[in-house]
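**Student:** Pasting the sequence and the predicted coordinates here, then a few questions.
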Amino acid sequence: MSTPAFPSVPKRLGLYPVVDSVEWISRLLEAGVRTLQLRIKDKRDEEVEADIAAAIALGKRYEARLFINDYWRLAIKHRAYGVHLGQEDLDVANLDAIRDAGLRLGLSTHDNMEMDRALEARPSYIALGHVFPTRTKQMPSAPQGLTQLAAHIRTLGDYPTVAIGGISIDRVPAVLATGVGSVALVSAITQAPDWQAATAQLLELVGAGDE
Ligand SMILES: Cc1ncc(COP(=O)(O)OP(=O)(O)O)c(N)n1
Ligand SMILES: Cc1nc(C(=O)O)sc1CCOP(=O)(O)O
Ligand SMILES: [Mg+2]
């Protein structure tokens, strides 16, 4: 297995909430989360720049690993810890510019072909989804399930990995048993009746990641 060409991240990134506002970023940092993502969809750069800059500043203040989804130019401009991109972004994003600016890169994958393509870029981590059915995002593919996830984790060896998609608190132990280094989730926190209790329980189960 190749090694990342982008700056490295710890093999275990731990609990990895994916959220859509600076308010969530602020709350989760205060709650002890140290790996997280700002995922704002389908807005123009001018509409999101202030929020992205504010989230990055918060991430730095807490010495956290904040990834910016999609808006890689703004992530470079405001010196984010990292960027998360999907397969379709690989056709258009300037990966050299991201790497030259010293940002970490996470890439989404959903099957063997996408994994091969992602590995060619030698990102900082590989995300594997969606593990279970999810209501948060319309997915064109079928859930890969735990057996396929475990097989991918074995193939990836020491490469930092993240599991995403339909992961509820109840499912976390089985996901961790595959050996994945990080658990990314949206609704298990943002739709929880008590997000603070959910986050505390998830931090207990998954951890905040290695230094
Ligand atoms: C940790 C993590 N994994 C996968 C995704 C999905 O990213 P992408 O394929 O770019 O899709 P959108 O999130 O942009 O809809 C993610 N965001 N984070
Ligand atoms: C944003 C996203 N990307 C996915 C992928 O598989 O690439 S699944 C997903 C949504 C995850 O939300 P929840 O934890 O609520 O299921
Ligand atoms: Mg994206």
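**Tutor:** Cool, got the structure. Ligands and ions are numbered 1, 2, ... in the order given.
**Student:** The residue of the chain found nearest ligand 1 - nearest residue in space that isn't next to it in sequence?
**Tutor:** The nearest approach of the chain to ligand 1 comes at G86, 2.6 Å away (C-beta to the nearest ligand atom). Quick note: C-beta positions are derived from backbone N, CA and C, even for glycine. In this structure, G86 finds its nearest non-sequential neighbour in S108, 4.5 Å apart by C-beta to C-beta, 6 or more residues apart in numbering.
**Student:** Could you do T109 as well?
**Tutor:** M115 (4.5 Å).
**Student:** Which secondary structure element is home to the one you found?
**Tutor:** Per DSSP states H and E, M115 falls inside helix 112-121.
**Student:** Which elements pack onto that helix?
**Tutor:** Secondary-structure packing of helix 112-121 (3 or more C-beta pairs under 8 Å, 6 or more residues apart in numbering; DSSP states H and E): strand 104-109, strand 125-128, helix 145-156.
**Student:** on that earlier part again, correct me if wrong: the residue nearest to G86 contacts A127.
**Tutor:** Yes - checked against C-beta atoms under 8 Å, the pair S108 and A127 is within contact range at 5.0 Å.
**Student:** quick one, which of the two is more surrounded?
**Tutor:** More crowded of S108 and A127, by other C-beta atoms under 10 Å: A127, with 28 against 22.
**Student:** who touches the more buried one in this structure?
**Tutor:** Counting by C-beta atoms under 8 Å, 6 or more residues apart in numbering, A127 makes contact with 84, 106-109, 161-164, 184.
**Student:** hey, what's it bridged with?
**Tutor:** On the basis of DSSP bridges, A127 is bridged to S108, V162.
**Student:** Just the pLDDT for it.
**Tutor:** What the model reports for A127 is a pLDDT of 98.
**Student:** The contacts of A127 also near ligand 2: which ones?
**Tutor:** Restricting these to those within reach of ligand 2 (C-beta under 6 Å from any ligand atom) leaves 108, 164.
**Student:** Tell me, how many residues neighbour the residue of the chain found nearest ligand 2?
**Tutor:** Closest approach between the chain and ligand 2, counting by C-beta to the nearest ligand atom: G129, at 2.2 Å. For G129, the count of nearby residues is 23 (other C-beta under 10 Å).
**Student:** That one is in contact with G106, isn't it?
**Tutor:** No - if you go by C-beta under 8 Å, G129 and G106 don't touch, sitting 11.5 Å apart.
**Student:** near ligand 3, anything from stretch 31-43?
**Tutor:** No - Stretch 31-43 stays clear of ligand 3 (C-beta under 5 Å from the ion), getting no nearer than 7.2 Å.
**Student:** residues in contact with that stretch?
**Tutor:** 13-22, 25, 28-29, 48, 51-52, 55, 59, 62-71, 84, 182, 184, 186, 196, 199-200, 203, 208-209.
**Student:** Quick check: closest non-adjacent residue to V48.
**Tutor:** Nearest in space to V48, with sequence neighbours left out and distances taken as C-beta to C-beta, 6+ apart, is I40 at 5.2 Å.
**Student:** Stretch 128-144 near ligand 1 anywhere?
**Tutor:** Yes - shown here: stretch 128-144 in contact with ligand 1 (C-beta under 6 Å from any ligand atom) through 129, 137.
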